[in-house]
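Undergrad: Can you look at this prediction? I've put the sequence above it.
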Protein chains: 2
Amino acid sequence: MSSSSSSVLVNKEMQSLAAERANPRFNVRDLTYLLDGGKEATELKEKFMLELERDPLWRMDDHANLSLAEVRERTMAKARLIVHFLANEPVHVFRQRMAVISVVDPAFWTRLGVHYGLFFGALQSQASSAQLQYWVSKGALAVNGMYGCFCMTELKHGSDVSRLCTTATFDPASDEFIVHTPEVGATKWWIGGAAQSATHAAVYAQLIVNGKRHGVKVFIVPLRDPKTFELLPGVAIGDIGKKMGRDGIDNGWVQFTNVRIPRSFMLQKHTKVKRDGSGRVAMVVDSSATAKKALTIAVRYGAIRRQFQSKASVLPLLAQTMAMHFTGVQTDKMYVSLMEQLDRAQPGDNMDKAHCTWLTLNIIEQCRQTLGGHGYSSYTELSGMAANWAVQCTWEGDNTILTLQSGRFLVSSYRDAQKPNGKSTLAKGVAYLAQLPEILNRKCSVDLAADNSLTAQVLCEAFDVACATAVHKAGTEFETALKANQGDMERAYEDCAQARFAAAKIHAAGYLFARFAEALADVPQDLHAPLYRLLILYGAHTVSEQAGAFLQSGYFTPKQLGQVQAHLNKVLKEVRTDAVPLVDAFNYTDYVINSPFGRFDGDIYTHYFERVKRLNPTPKVHPYFESTIKPLLNRSMEDIEGPELDD
Amino acid sequence: MSSSSSSVLVNKEMQSLAAERANPRFNVRDLTYLLDGGKEATELKEKFMLELERDPLWRMDDHANLSLAEVRERTMAKARLIVHFLANEPVHVFRQRMAVISVVDPAFWTRLGVHYGLFFGALQSQASSAQLQYWVSKGALAVNGMYGCFCMTELKHGSDVSRLCTTATFDPASDEFIVHTPEVGATKWWIGGAAQSATHAAVYAQLIVNGKRHGVKVFIVPLRDPKTFELLPGVAIGDIGKKMGRDGIDNGWVQFTNVRIPRSFMLQKHTKVKRDGSGRVAMVVDSSATAKKALTIAVRYGAIRRQFQSKASVLPLLAQTMAMHFTGVQTDKMYVSLMEQLDRAQPGDNMDKAHCTWLTLNIIEQCRQTLGGHGYSSYTELSGMAANWAVQCTWEGDNTILTLQSGRFLVSSYRDAQKPNGKSTLAKGVAYLAQLPEILNRKCSVDLAADNSLTAQVLCEAFDVACATAVHKAGTEFETALKANQGDMERAYEDCAQARFAAAKIHAAGYLFARFAEALADVPQDLHAPLYRLLILYGAHTVSEQAGAFLQSGYFTPKQLGQVQAHLNKVLKEVRTDAVPLVDAFNYTDYVINSPFGRFDGDIYTHYFERVKRLNPTPKVHPYFESTIKPLLNRSMEDIEGPELDD
């Protein structure tokens, strides 16, 4: 982006952005290094961005104008190049490449992900080592000779693996399994890669031996001949068609009619079949990566428009993004260290996934709205981003269900905390429950009228008390419901659903605050101030938005809450000064931003107009003037009269 | 829909919906009449729905699969039929027809709306009677010989009419105006109908006479020859291209280069040029009409899925929809009676528009998410509805700006209320300010532990106190800022922007509650109970969601707020029983719902699968297997080695 610094500032818009950068209060490049995890990581990202930008296949500016068929084909064409890197790059480098790609083209990321993340991931976690070796020898790792998809969800059953209806019946005579779709509702549905890419599937099905069900297992089922792409006998596949977003991924439906596979195609590792947590962890990291892109557009445009109001409204979103960033870094670290203990993944991870993907969807939409009417154009990028993102709130676990599960985890942690010695077993994220019941009566004793009195410490305590109160409320409601329902846990959980949901929501917001605050301990001195301001902004904004929870907890009085809002106004003005340098530090090139409104140089209208004209050339002949408009505008106005009647 | 009652309930899904309808606690048909405004209105709507359903041009199930070009053409083709009705139906009947159409095909509604609502509307409000007569004689009313568009917004200037840059310079020698686009930023932008439909434009431009500016006036500028559709000299038009939604409307950009028009083409009525309020009023009515469609889908699917949680989450949205319905009815009545006094439209109307369009966008998205993964399919309708709706939050005034303006109105009402005799001039919507300062100290004195103690009266007072408190806060901040800024009103308003926004938000929510409560006074006895439950649900849910405002006002104690939430849980269960009959009363046919998940008969999976298959037939030949997939899956794995080097 250094190239832009030499260009002439030919208009007011460019001058506005240059002025915002005149006196940054921190070293922008240093912040980039911090966010990326070091200079080398930044330079690697820049290398990836440049490679993509220069590859014609990776052109993204015309995406909105492509038909479904065109997007599908172009997306698949990209695979060949990326598969090359996969074979030649260390895993951690390839992973960083894919992280950049997930922001540039989420549909491609998914399309490759169904093979690598889901299909090959299923092999890694469910296959015996002999089986894994077999499928690798068939090309599963190299994507040569086979392309996998992941047949879990069914038309009627999305998230609950145990209720899947597809069957795999063992036939001792032939030593084979017979894979079968017993009814329309059991049709495998939403299967990414099935419609146009996959030769093999990892199929989740009920194992039946001697007429007895043995639970859901995973079976590798060949779908198509890799040489001809003909469907194999008994396999029916169709296209799911148009989606809200991510059209580059070819979701399909699959029905099996007595498809026979060798016994050895059932994956053998006898772990309980379930999704693993890796997808959800990645989604927390993705959340901030995507939110950064949205904010770069909104903040730069906001600085140009000079409308204080709309700018101010995106600043809390910037703070949320930074909180998600540091939460993602820590979650990712924890995940790597837990790689081998996936089954122990805490329900707390679900909460992050649900909370961060919802936050990000809201951030994108709010950023889109700050563009005014231009946010409705497909060429300003944010509408497409929202459409691509929306599915993150559903797949890998529906957010509402995950949030309720998290609430369940909080209630059960609360019950643990009531037991003798129970407090010692509490997870780190719910440490505040160890301080029950004292914490419920804690009040803010700081004089919030004083400057800078709203510290991280005060906010941290405020979150702890608000969370403890909300969890206590859910826990108490649960106990009451348990009695009323004669010990029926399920019904009791259902009866306290609203309170569980509320507890999970405030807990997730507080968890982000704690991770963000924790991360600041390691931040070099010169970058601490701008990040600390964002931390306070995140906290004060959350308190203000969810004031009910903080007032109900009794930690703040209504008067103190008014003071928190006064601090919020002040820190908003402070952060306003940093806003453009902060989004600059996200270090996305104009290619990645892919929106004239988020250009580094601020020359937005020139490039917006140019893009609209280039992508919508006027046809030489009006496509339907003769057939449709001419007859309308030149019609005869005579009334239609019937013949006269003989009376 | 009566036809469905005779069909056999062949699956569990159909049985579930039938069971929901077994014992309705109110007469569904009577509620339909009430909502529509009488039996005749209902029957008229049913006639319109049937006519559209049977007309092949009005097919909507395949919409998601059409290209931009196809949608544009099909949308225009519909105009001819509708123009026929326009010529032959009384205005109030045609208006009801268009109300149905706005839910079925919002893009068509807009495409006709740019001519009738905007272009012809500009003539009606800005032309002298001689001018109006002239343009009617040219075909402006009959859409014969001309099709109008409305050139107001410019690339750089959206909402602020006074800052538009297009010029109309009077040339005394020829007695003409010269209409001109002085720079790229002044390009007319987002002009609906300009790209492919319009022959004439109502152009907003700065009038310049003898080198002096005389403010913005409206000029009728011919764009194209109606016989050939050739652009006239000096007119350049291009297509804005792909949008988030409403692709059926052909938004374009227009540049004028010294285009000459006769002096008489400047509209003569010397009213101050501004948008009128009719669009905004219509949008309140549209909000509930669209929200009803979204809820029909979500509630019916929810009843089938039998997952209490997700169903419960849509019930408050159902209450919001009903509140918007009754607010719309009343606003519409007020608008009709004020037709001749448009300039006196209160800023309060803006608030309704902003609040209701935001609410509706949220309702659609929440409903979409309750469909789980299927909400991401374009064939379940809600994703397209959200994309179509989103623009409502921007056009006819950006919601954020409107909300801040409403906040300004509240602050100025607050200041009026401080003046001697000022209270008598307060608008009805802010009557609570007449009770200042006593109202600020009012507490809830009702024992909320008792059954049915959370009455409409209690909630009404709670809203009044919360609104008064929020307005008082904004007003106080304004006064402080006014002093700090040496009397600079603009800066003072800017400094209290956060508080203004918060005040406008709670005020709008309270306004809806008051209108809903008021409407119930006229409701027949047998329908009162289900609607009253929704009123309490709306109120209790709002108190719970915006608990901060209600606690900060001091009206409820934290303990009482907990009791309100307990009432909320109870009323949720009550409303749950009514949910399916309530959405049945909205009386949209399956054609209008256009989603297998919202079918009246509940046979959702059969029809969803059928639709997906029908709209996505498998092509005989894979479109890119040979070119793209085969080379990938069958590639040679040899490393690329260079020649050996001579060392």
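TA: Okay, I see it. Keep in mind that this is a model prediction, so the values were computed, not measured.

Undergrad: rest of the way, CA atoms for contacts and neighbours
TA: Fine.

Undergrad: tell me what the helix or strand hosting A:Glu479 is packed against?
TA: Using DSSP states H and E, A:Glu479 maps to helix A:456-484. The contact analysis (3 or more Cα pairs under 8 Å, 6 or more residues apart in numbering or on different chains; DSSP states H and E) places helix A:456-484 against helix A:399-418, helix A:489-495, helix A:497-520, helix A:525-545, helix A:547-552.

Undergrad: Any idea how far the second one is from the middle of the chain?
TA: Just to be clear, that refers to helix A:489-495. Centre-to-centre, helix A:489-495 and its host chain are 30 Å apart (Cα atoms, centre = their mean, to the nearest Å).

Undergrad: again, but for the longest one
TA: Using Cα atoms, centre = their mean, we find the averaged C-alpha position of helix A:497-520 to lie 18 Å away from the chain's own average C-alpha position.

Undergrad: taking the mean pLDDT, what do you get for it?
TA: Helix A:497-520 comes out with an average pLDDT of 96.

Undergrad: Quick one: find the helix or strand in chain A with the lowest mean pLDDT.
TA: In chain A, the helix or strand scored least confidently by mean pLDDT, DSSP states H and E is helix A:308-338, which has a mean of 83.

Undergrad: and that one, which residues are buried?
TA: A:309-332, A:335 (16 or more other Cα atoms under 10 Å in any protein chain shown).

Undergrad: Stretch A:136-146 too?
TA: Neighbour-count burial for stretch A:136-146 [16+ other Cα under 10 Å]: A:Val136, A:Gly139, A:Ala140, A:Leu141, A:Ala142, A:Val143, A:Asn144, A:Gly145, A:Met146.

Undergrad: circling back to that earlier point, any idea how far the least confident helix or strand of chain A is from the chain center?
TA: The chain centroid and the centroid of helix A:308-338 are separated by 13 Å under Cα atoms, centre = their mean.

Undergrad: What is that helix packed up against?
TA: Packing partners of helix A:308-338 (3+ Cα pairs under 8 Å, 6+ apart): helix A:278-305, helix A:347-370, helix A:497-520, helix A:525-545, helix A:558-586.

Undergrad: quick one: which of those helices is nearest B:Thr618?
TA: With Cα to Cα as the measure, helix A:278-305 is the member of the helices and strands packed on helix A:308-338 nearest B:Thr618 (30.9 Å).

Undergrad: thinking again about what came up before, distance to A:Arg246 and mean neighbour count added to the helices and strands packed on helix A:308-338, as TSV?
TA: Below are the helices and strands packed on helix A:308-338 laid out as TSV (distance: least, Cα to Cα, whole Å; neighbours: other Cα atoms under 10 Å in any protein chain shown):
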stretch	distance to A:Arg246	mean neighbour count
helix A:278-305	14	24
helix A:347-370	15	25
helix A:497-520	28	23
helix A:525-545	31	21
helix A:558-586	24	20
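
Undergrad: CSV please, covering those and showing distance to chain B.
TA: Output for those, formatted as CSV (distance: least, Cα to the nearest Cα, whole Å):
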stretch, distance to chain B
helix A:278-305, 9
helix A:347-370, 7
helix A:497-520, 7
helix A:525-545, 8
helix A:558-586, 5
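
Undergrad: Dump the ones you listed into CSV; add distance to A:Gly185 as well.
TA: What follows is the helices and strands packed on helix A:308-338, written out as CSV (distance: least, Cα to Cα, whole Å):
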stretch, distance to A:Gly185
helix A:278-305, 26
helix A:347-370, 27
helix A:497-520, 28
helix A:525-545, 42
helix A:558-586, 45
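
Undergrad: got the residues of the stretch 1-150 of chain A near chain B?
TA: When proximity is defined by Cα under 8 Å from any Cα of the partner chain, the stretch 1-150 of chain A lies next to chain B at A:Ala64, A:Asn65, A:Ser67, A:Glu73, A:Met76, A:Ala77, A:Arg80, A:Val143, A:Asn144, A:Gly145, A:Met146, A:Tyr147.

Undergrad: Lowest-confidence entry in the residues you listed?
TA: A:Arg80 (85).

Undergrad: Settle this for me: that one is touching B:Leu632, isn't it.
TA: Yes - at 5.9 Å, A:Arg80 counts as touching B:Leu632 under the criterion of Cα atoms under 8 Å.

Undergrad: Which one's more surrounded, the two?
TA: Using other Cα atoms under 10 Å in any protein chain shown, the more surrounded residue of A:Arg80 and B:Leu632 is B:Leu632, with 22 against 17.

Undergrad: Number of residues surrounding A:Leu81?
TA: 12.

Undergrad: Which phi and psi values does it adopt?
TA: The phi/psi pair for A:Leu81 (degrees, to the nearest 10) reads phi -60, psi -40.

Undergrad: Kindly state the pLDDT recorded for it?
TA: pLDDT recorded at A:Leu81 is 86.

Undergrad: sorry, back to before: and the helix holding A:Glu479, what's buried?
TA: Across helix A:456-484, burial judged by 16+ other Cα under 10 Å covers A:456, A:458-479, A:481-482.

Undergrad: what's the answer for stretch A:45-54, then?
TA: Using 16+ other Cα under 10 Å as the test for burial, stretch A:45-54 gives A:Lys45, A:Glu46, A:Phe48, A:Met49, A:Leu52, A:Glu53.

Undergrad: just stretch A:85-101 next, same as before
TA: The neighbour-count check on stretch A:85-101 (16+ other Cα under 10 Å) flags A:Leu86, A:Val93, A:Phe94, A:Arg97, A:Met98, A:Ala99, A:Val100, A:Ile101 as buried.

Undergrad: cool, stretch A:247-261 as well?
TA: A:247-256, A:258-261.

Undergrad: Show me what it is in contact with.
TA: A:68, A:71-76, A:107-108, A:110-111, A:176-181, A:187-197, A:221, A:233-241 (Cα atoms under 8 Å, 6 or more residues apart in numbering or on different chains).

Undergrad: what distance separates stretch A:112-127 from the middle of the whole chain?
TA: So, by Cα atoms, centre = their mean, the centroid of stretch A:112-127 is 19 Å from its chain's centroid.

Undergrad: Only C-alpha atoms, please: export it in CSV.
TA: Below are the C-alpha coordinates for stretch A:112-127, written out as CSV (Å, rounded to 0.1, in the frame of the first residue of the first chain):
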residue,chain,number,x,y,z
LEU,A,112,-11.8,-26.9,-0.6
GLY,A,113,-12.8,-27.2,3.0
VAL,A,114,-15.4,-29.9,2.3
HIS,A,115,-12.6,-32.1,1.1
TYR,A,116,-9.8,-31.1,3.4
GLY,A,117,-11.6,-30.0,6.5
LEU,A,118,-14.6,-32.3,6.5
PHE,A,119,-13.9,-35.4,4.3
PHE,A,120,-10.2,-35.8,5.1
GLY,A,121,-10.8,-34.6,8.6
ALA,A,122,-13.3,-37.5,9.1
LEU,A,123,-10.6,-39.9,7.8
GLN,A,124,-8.1,-38.5,10.2
SER,A,125,-10.3,-38.7,13.2
GLN,A,126,-12.4,-41.8,12.4
ALA,A,127,-10.2,-44.1,10.3
